[in-house]
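K.L.:
got a predicted structure plus its sequence, pasted below:
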Amino acid sequence: MPSDTARARKPDAAPAPDKAAHLGRDDAHRDSRGRGDTRTRIQQVALELFAEQGYDKTSLREIAGRLGATKAAL
């Protein structure tokens, strides 16, 4: 007599996909490109603020504020 586990599983059922398996190459590329754009924007804003008021007088809060983000998001 088959066990409960064997009975519950369909013989031709596909295994459950892992979370990242659904990402195709285009999706993975888009994700990395988005991070690069964000990083570049943060750096641009930071450099603008450094030029305006100096490195020592620029805070993460000011950079985040100019980006429309929170300090924690940086």
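P.N.:
Happy to help now that I have it.

K.L.:
only C-alpha atoms for contact and neighbour calcs from this point on.
P.N.:
Fine.

K.L.:
would you map the helices across this structure?
P.N.:
Here the chain has its helices, by DSSP state H, at 4-8, 25-53, 60-67.

K.L.:
mind listing residues that contact stretch 65-74?
P.N.:
I42, V45, L60, R61, I63, A64 (Cα atoms under 8 Å, 6 or more residues apart in numbering).

K.L.:
ugh, typo on my part, it should be stretch 41-54
P.N.:
With Cα under 8 Å, 6+ apart as the criterion, stretch 41-54 contacts Y55, K57, T58, I63, R66, L67.

K.L.:
for these, which one is nearest G36?
P.N.:
L67 (15.2 Å; Cα to Cα).

K.L.:
sorry, back to before: now render the contacts of stretch 41-54 as TSV, adding neighbour count and pLDDT.
P.N.:
Shown next, in TSV, are the contacts of stretch 41-54 (neighbours: other Cα atoms under 10 Å; pLDDT from 0 to 100):
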residue	neighbour count	pLDDT
Y55	12	97
K57	10	97
T58	16	97
I63	23	98
R66	14	97
L67	16	96
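
K.L.:
and which of these is nearest R35?
P.N.:
So of the contacts of stretch 41-54, ranked by how close each gets to R35 (Cα to Cα), first place is L67, at 14.6 Å.
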